[in-house]
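S.K.: Predicted coordinates and the sequence they were generated for:
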Amino acid sequence: MSNDIALQAVDLVKHFSTGSSGVLGRATSIVQAVDGVSFTLPTGKTLGIVGESGCGKSTLARLVTRLIDPSAGSVILDGVDITTLSGKSLREMRRKLQMIFQDPYSSLNPRHSIGQIIGDPMRIQGIVTKSGEKAEVQDLMQRVGLNPEHYNRYPHEFSGGQRQRIGIARALSLRPSVIVADEPVSALDVSIQAQILNLLENLQKDLGLSFVFIAHDLSVVRHIADQVAVMYLGKIVEVGDSATVYNRPAHPYTKALLSAVPVANPSLRNSDKRIRLVGDVPSPIDPPSGCRFRTRCWKATDLCASVEPPLQADSTGRAVACHFPEEAPVAIGQSPQ
Amino acid sequence: MSPDVVLSVRNLSVVFHTPDGDVVAVNDVSFDLRSGETLGIVGESGSGKSVTASSIMRLNNSNTASTTGSIIVSGVDVLTAEEDEVRRIRGSEVAMIFQDPLSALNPYYTVGKQIAEAYLVHHPKASKSEARLITLEMLKKVGIPNPDKRIDEFPHQFSGGMRQRIVIAIALINNPKILIADEPTTALDVTVQAQILDLMKELQTEFKMAIVLITHDLGVIAEAALDVLVMYGGRIVERSTVEALFSEPTHPYAWGLLGAVNSLGKSDRGALVTIAGSPPSLIALPTGCSFNPRCAYATEICTAEVPSLREVGSQESVSACHLPDDQILLLGRKAASL
Amino acid sequence: MFMFILRRVFFALVLLLAVSFFTYMLFAMLPSDPAALTCGKNCKPDVIAANRIRLGYDKSLIEQYWLFLKGIFVGRDYGTGAAAFSCGAPSLGYSFGQHECVTTLITQTFPVTAYLSIGAFILWMLIGISSGAVAALNKGKWQDRAASIFTSIGVSLPTFYIGLLVLFSVVIWLRILPFPSYESPFVDFPTFLRTMILPWLVLAVLSAASYTRLTRNGMLEAMNEDFVRLGVAKGLTTKIILRRYVMRQALVPIVTIAGLDFAGLLGGAIITESVFSLPGMGKMSIRAVVESDLPVLVGTTMVAAVFIVVANVLVDIAYGYLDPRVRVK
């Protein structure tokens, strides 16, 4: 595999068993959290994954970093399928692929100093000497905008935004090539969000990092991602480059999602462009047959109930899983209208 | 108080007594709310917006909080009234909905019982069947499908969006004049948020309510509010109409917020406009204007004196900033046009 | 819900079977020869041998267990010929030391334990929950601190110490009450009361301590919940909020734990019964330990186990009823 592709997911599936029945309490229902997801992350780029609750994006983040094991499918990092690794090779893989978590309050061990938190990965992996560790950690702290002299302080002495910087420094300490960020700014105030996003973008430029950026906030993803994948009930329904997906969404769900975001412009209020989706997201235990979005889609037909639309790419690289996409897909061989 | 003012807050201050010292969560806040209108209160964590909201119904714990000032609802000063008087007002003249629908409902009783309870508290002579009928009607109004069946279900059997609708049903069942919505959509998915905001607007027209809408999301403010208060460090730093806020904001904090939101909305990958530093710790507020450590335009007077609210510009905006008027308007227009 | 109950009952039965097996095996594998223990110090070998056969101790362990198990359902016959006797169902064995079927012994002593447990239970729940509630409603004030001291003392002091201390002070030193001498409440109610009042109080006050803490913490946690705030925002009175919102939540774990504690007590409040000379199951167990009366020990252990297993099942079911979120669809 060429060095252009940092990370690739192939047909990832994760099913959780739940519920119980009968005297022996066997599991009756299966939560199809992630049901056949594939994506490609080009080196040095950011892939944004958006979706609402229950779409499976957090499960996907954990699958890709091998915090949980997939029920099926593979994840390819640097030409190696990391779902098959174990022991030493798995540990070595972790040097290349790191994660940033959502909650800056619970993702840092309150009993460790931040010097320890940031330095632990290096020490555990044995890539730094005891004497060299402090210097490395302080260098990282500076890089993420923290004062290196706060090396011995504890997480509770920092604000939410600063804690997230600590989390980022920790993720960087092994000098990974790919970082998976699971809602890294959702728990932060708006003014702090902007700081952290700028930091992530600068780090990407300076260190050549590739990001998988998971979020529910569409504007955040729009800003930071080169490519965007939209998830619904365990599947990717649309993927393409950021500008195309946001300006010309093809999947009805993407369209509804975008129109639901309140715009910070009062003069655009009450414009009838808002699409109202009816009802709630169906349960991932018993997803609708055929196209999973059909129960809330204004275009749904019998075809949508019987045949699941495959995720099909057109010649521009944008892919949609819909029988009646909002935009006619550009046929292979033709140039876009 | 002019005839259509339903809520009048004057010089509200709330001080929490903690083991680490006194925390001034709300500092000298005053505003009016008129019938049928939506007042947005925007601010980040520690701005005092939530404490202001909970003070309106005197929900603050009197053991740990000292509240001063006056809050007048229907001719009654909530802060000095007797407990029964306040209880009469709660849930009938003023109602509240909270942020997290997952924890806002009593898990041990059915949804129907909880809605009926809100009705029966203020209509003690009503019969249980009457309350149940009204509950069913309310469930239909807030858009719960199959209300006859779902009325006897428990909160955990509903999704987040449905639960928020139930919370709204509880709040509106007694036709309150004022609805306080404290971050009503923050915990919800964006498509559900849109549904809830639409529902609130519909019901506002039908019930002729005034709404105090508290949020950190400027988009929600733009969608729903008529007038806006911007809070920072426990004080109001700007008050303007929603159009004025987005076209000509009059406080450096508002410029920063608007800048961050607007630059986020662009799809070019330029650096985002940020506000340096972090929100202040309420125990150790900066001297003078609380915003001065993060303000790009701070001068000496900003650390010495707390700026008072004064009218700036022609759109009836009010701002608490030491900068001269013309500079404010210039910088404001610049921030809005990014 | 029905499947839920059925499943719990099924597993409870399996558990009881396992308990009976392990209990029996445990006692059977003790180094002492059960036959030798049947007749005191000056036992002639042939008497021992005869007893061994009569009581079935010559058979294999598994066979012994099987006979024991069968006896629970259909009763058990011992010996042959003129010296034969039987213990009717449910037979838990025969005690040579007391010359009586174990089941009979248990039926005689259990009521005392039951009265003790029930009285103490009611008292400790009343004391524990009310003091916990007072502490929670007066958080930080002297009532709260007093409750906290009470809790620490109650939880740390052993029953035998306080029991003896109380017995000494009230009976011997202050002479307020006579020595405890148990009479059935149907025979001599005043004596019954005079005897039971001290053990009830001692047991109740010491057990109440942990419930004080449970109630206090449960209530404080509940009072911080969002839904309680919403209840206040509805305009409900403090009384209703405490009842339908705060206590409703705080009591759920308390009720379930209390159920288990009560069941444990029914198995024999050994120390209290010994200190206050109450002829209950606990006292009988102690005597059986001292006299190495294995059948009695096996019997009382089984009875205690049954109470605990049954209590666990009931508590599980109760929990599902009390907390709708736990109910299986």
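M.R.: Now that the structure is in, tell me what you want to look at.
S.K.: Show me where the stretch 1-150 of chain A dips below the pLDDT cut-off.
M.R.: Scanning the stretch 1-150 of chain A for pLDDT under 70 picks out A:1-2, A:19-27.
S.K.: ranges for the strands of it?
M.R.: A:5-18, A:29-42, A:46-50, A:72-77, A:80-81, A:97-100 (DSSP state E, counting those that start in this stretch).
S.K.: Given the last one, what are its sheet partners and their directions?
M.R.: Based on DSSP bridges, the strands next to strand A:97-100 in the sheet, each with its direction, are strand A:178-182 (parallel).
S.K.: about what we covered before: export the strands of the stretch 1-150 of chain A as JSON lines, with columns for distance to residue B:84.
M.R.: Where C-beta positions appear, they are placed from N, C-alpha and C, glycine not excepted. Shown next, in JSON lines, are those (distance: least, C-beta to C-beta, whole Å):
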{"stretch": "strand A:5-18", "distance to residue B:84": "48"}
{"stretch": "strand A:29-42", "distance to residue B:84": "49"}
{"stretch": "strand A:46-50", "distance to residue B:84": "50"}
{"stretch": "strand A:72-77", "distance to residue B:84": "63"}
{"stretch": "strand A:80-81", "distance to residue B:84": "70"}
{"stretch": "strand A:97-100", "distance to residue B:84": "52"}
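S.K.: closest one to residue A:284 among those?
M.R.: Ranking the strands of the stretch 1-150 of chain A by proximity to residue A:284 (C-beta to C-beta) places strand A:29-42 first, at 5.1 Å.
S.K.: ok so, going back, could you single out the most deeply buried of the strands of the stretch 1-150 of chain A?
M.R.: Of all the strands of the stretch 1-150 of chain A, strand A:46-50 has the most neighbours on average by mean count of other C-beta atoms under 10 Å in any protein chain shown, namely a mean of 26.
S.K.: Work out the sheet partners of it and label each with its direction, please.
M.R.: Short version: by DSSP bridges, strand A:46-50 pairs with strand A:210-215 (parallel), strand A:227-232 (parallel).
S.K.: Put the alpha carbons of that strand into CSV.
M.R.: Backbone C-alpha positions of strand A:46-50 (Å, rounded to 0.1, in the frame of the first residue of the first chain) are rendered in CSV as follows:
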residue,chain,number,x,y,z
THR,A,46,-8.5,15.0,8.1
LEU,A,47,-11.5,12.7,7.7
GLY,A,48,-14.6,14.0,9.6
ILE,A,49,-17.2,11.6,10.7
VAL,A,50,-20.6,13.1,11.7
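S.K.: Only the buried residues of stretch C:141-154, if you could.
M.R.: Within stretch C:141-154, the residues that count as buried by 16 or more other C-beta atoms under 10 Å in any protein chain shown are C:144, C:147, C:150-151, C:154.
S.K.: how about low-confidence regions in the stretch 1-150 of chain C?
M.R.: C:1, C:34, C:37-41, C:79-84.
S.K.: redo that, cut-off 80
M.R.: Residue ranges of the stretch 1-150 of chain C with pLDDT under 80: C:1-4, C:27-59, C:61, C:75-89, C:91, C:94, C:96-99.
S.K.: before we move on, what about the stretch 201-329 of chain C?
M.R.: The model of the stretch 201-329 of chain C has pLDDT under 80 over residues C:268, C:292, C:327-329.
S.K.: what's the closest of the strands paired with strand A:46-50 to residue A:162?
M.R.: When these are compared (using C-beta to C-beta), the closest one is strand A:210-215, at 20.4 Å.
S.K.: Other residues contacting that closest one?
M.R.: A:6-7, A:41-50, A:57-58, A:60-61, A:64, A:177-186, A:200, A:204, A:221, A:224-225 (C-beta atoms under 8 Å, 6 or more residues apart in numbering or on different chains).
S.K.: Report the next helix or strand after that strand in sequence order.
M.R.: Sequence-wise, the next helix or strand downstream of strand A:210-215 (DSSP states H and E) is helix A:218-224.
S.K.: can you tell if that following helix touches chain B?
M.R.: Yes. Helix A:218-224 comes into contact with chain B (C-beta under 8 Å from any C-beta of the partner chain), by way of A:218-220, A:222-224.
S.K.: Quick one: mean pLDDT over that helix.
M.R.: Averaged over helix A:218-224, pLDDT sits at 87.
S.K.: One more: stretch A:289-307?
M.R.: In the prediction, stretch A:289-307 has an average pLDDT of 89.
S.K.: rewinding a little: adding mean pLDDT, distance to residue B:106 and mean neighbour count, write the strands paired with strand A:46-50 out as a markdown table.
M.R.: Shown next, in a markdown table, are the strands paired with strand A:46-50 (pLDDT from 0 to 100; distance: least, C-beta to C-beta, whole Å; neighbours: other C-beta atoms under 10 Å in any protein chain shown):
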| stretch | mean pLDDT | distance to residue B:106 | mean neighbour count |
| --- | --- | --- | --- |
| strand A:210-215 | 94 | 33 | 25 |
| strand A:227-232 | 94 | 33 | 25 |
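S.K.: does any bit of stretch C:243-262 sit next to chain B?
M.R.: Yes. Counting by C-beta under 8 Å from any C-beta, chain B has neighbours in stretch C:243-262: C:244-245, C:248-249.
S.K.: What residues of that stretch count as buried?
M.R.: In stretch C:243-262, residues buried by neighbour count (16+ other C-beta under 10 Å) are C:244-254, C:256, C:258-259, C:261-262.
S.K.: Closest one to chain A out of those residues, please.
M.R.: residue C:256 (20.3 Å; C-beta to the nearest C-beta).
S.K.: If you drop the residues flanking it in sequence, what lies closest to that closest one?
M.R.: Of all residues not flanking residue C:256 in the chain, residue C:315 sits nearest, at 4.6 Å (C-beta to C-beta, 6 or more residues apart in numbering or on different chains).
S.K.: Can you tell me which helices and strands the helix or strand containing the one you found packs against?
M.R.: Take DSSP H and E as the rule and residue C:315 turns out to sit in helix C:294-322. For helix C:294-322, the packing partners by 3 or more C-beta pairs under 8 Å, 6 or more residues apart in numbering or on different chains; DSSP states H and E come out as helix C:2-28, strand C:94-95, helix C:102-137, helix C:248-266, helix C:281-290.
S.K.: Would you mind finding the most buried of these?
M.R.: For the helices and strands packed on helix C:294-322, the largest average neighbour count (mean count of other C-beta under 10 Å) is found in strand C:94-95, namely a mean of 25.
S.K.: Done for today, thanks.
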